[in-house]
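Student: Sequence below, structure please.
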Amino acid sequence: MKKSLFSVLFVCASFVPHSAYAPHPKLDVIVLDAGHGGKDSGAIGPGGFMEKQAALGIIRKLGALIEKGMPGVKVIYTRHDDHFVELYRRGEIANAAHGKLFISVHCNSTPQKPSNATGFTTYILRPGKTDAAIHVAARENAVIKYETDRHQYQNLSDIDFILTSMSRNQDVKFSEKFAAFTQEELSKTLSIPDNGVSQAGFYVLIGAAMPSVLIETGFISNPKEEALLKSDAGESDYAQGIFEAIKRYKTVYERS
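Tutor: Below is the predicted model of the structure:
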């Protein structure tokens with residue numbers, strides 16, 4: 001009998017490498033996850049720009065900043081080009097690399113296009129508290145329709161997310177701290193609203209046995225924010241903000 005995704009991930013998440021909680025931990029491996037990819041375009045803006053393109057552009061620029069500005073920190077990409085990676089595989093990649101921080105980048109969107117919805121949010125793994133958070137998680141989790149074997153996700157529930165959070169209590173605390181830094185720093189580099197830190201049950205986060213966040217950048221359904229995401233300057237602004245958050249987080253993490 002095959003084990004459920006939750007039973008496998010819960011066991012893996014319960015045994016984080018000891019180095020992550022050593023007296024002097026090092027933020028030496030960061031895993032960057034560009035949402036969607038390949039046959040999964042993600043949300044599409046009114047101008048035709050795809051979420052998978054926006055996420056990859058930001059991740060590539062962020063990775064370059066880390067590699068240049070943070071010697072000794074290794075960058076792992078779940079994808080570095082336009083190909084499809086299953087949600088559960090992203091966590092497996094992060095765990096195999098002994099990642100210390102997992103950052104997944106996506107774009108927010110609304111069913112109606114164009115829309116005036118605006119702003120960016122950073123999410124941590126916990127059951128969604130608001131209808132908006134639940135809707136965002138449902139939209140991002142819906143990409144499993146592109147996977148050939150989806151039975152492993154069928155029994156995941158809020159209880160599973162709660163239990164995973166409990167088993168990784170210290171990871172959740174660090175995730176909250178990094179999420180707060182991310183919102184603060186992106187507020188400095190972007191001219192769109194800060195919609196705060198929120199929580200939701202994202203499948204892509206449940207498998208990463210380390211502090212992890214999912215960043216919903218501006219609304220690709222908003223023409224102005226689609227244009228920002230599509231521009232080189234916009235990609236750079238997002239990447240720079242997240243990079244500044246990583247630098248602040250590294251200092252706190254390594255003093256823990």
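
Student: Which positions in the helix or strand hosting residue 198 come out as buried?
Tutor: Using DSSP states H and E, residue 198 sits in strand 194-200. Neighbour counts over strand 194-200 (16 or more other Cβ atoms under 10 Å) mark 194, 195, 197, 198, 199, 200 as buried. Heads up, the C-betas are built off the backbone N, CA and C, glycines and all.

Student: Adjacent strands (with direction) for that strand?
Tutor: strand 120-125 (parallel) (DSSP bridges).

Student: Distance of residue 213 relative to residue 202?
Tutor: Distance from residue 213 to residue 202, counting by Cβ to Cβ, to the nearest Å: 10 Å.

Student: Just want to check the distance between residue 60 and residue 236.
Tutor: Residue 60 is 11 Å from residue 236, by Cβ to Cβ.

Student: I meant residue 31, not that one.
Tutor: For residue 31, the distance to residue 236 - Cβ to Cβ - is 21 Å.

Student: So between those two, which is more surrounded?
Tutor: residue 31 (26 against 16; other Cβ atoms under 10 Å).

Student: Specify the local secondary structure of the more buried one.
Tutor: Counting by DSSP: H, G, I helix; E, B strand; the rest coil, the backbone at residue 31 sits in strand.

Student: Need the mean per-residue confidence for stretch 91-107.
Tutor: Stretch 91-107 carries an average pLDDT of 96.

Student: Would you mark the buried spots in it?
Tutor: So stretch 91-107, judged by 16+ other Cβ under 10 Å, has buried residues 91-95, 97-107.

Student: Show me the strands in the stretch 1-150 of the chain, by range?
Tutor: Along the stretch 1-150 of the chain, the stretches classed as strands by DSSP state E, counting those that start in this stretch are 29-34, 74-77, 101-108, 120-125.

Student: and residue 50, what are its bridge partners?
Tutor: Residues in beta-bridge contact with residue 50 (DSSP bridges): residue 44.

Student: thought it was touching residue 42?
Tutor: Yes - between residue 50 and residue 42 a contact is recorded at 6.1 Å, counting by Cβ atoms under 8 Å.

Student: between those two, what contacts are shared?
Tutor: residue 36 (Cβ atoms under 8 Å, 6 or more residues apart in numbering).

Student: Just give me how far the longest helix seen in the chain sits from the chain centre.
Tutor: For the chain, the helix with the greatest residue count under DSSP state H is helix 232-255. The chain centre lies 14 Å from the centre of helix 232-255; the measure is Cα atoms, centre = their mean, to the nearest Å.

Student: swap in stretch 89-109?
Tutor: 6 Å.

Student: so how far is the first residue of that stretch from its last?
Tutor: One end of stretch 89-109 sits 24 Å from the other (Cα to Cα, to the nearest Å).

Student: give the contact list for residue 56.
Tutor: Per Cβ under 8 Å, 6+ apart, neighbours of residue 56: 34, 37, 79, 80, 81, 82.

Student: Just the buried residues of the residues you listed.
Tutor: Counted by 16+ other Cβ under 10 Å, those give 34, 37, 79 as buried.

Student: how about these in a markdown table, adding distance to residue 113 and pLDDT?
Tutor: Listed next are the buried ones among the contacts of residue 56 as a markdown table, based on distance: Cβ to Cβ, whole Å; pLDDT from 0 to 100:
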| residue | distance to residue 113 | pLDDT |
| --- | --- | --- |
| 34 | 22 | 98 |
| 37 | 21 | 97 |
| 79 | 26 | 97 |
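
Student: Which one of these is nearest to residue 177?
Tutor: residue 34 (23.2 Å; Cβ to Cβ).

Student: Verify the contact between that closest one and residue 63 for me.
Tutor: No - here residue 34 does not reach residue 63: they are 9.6 Å apart, not a contact under Cβ under 8 Å.

Student: between those two, what contacts are shared?
Tutor: With Cβ under 8 Å, 6+ apart, residue 34 and residue 63 have common neighbours residue 77.
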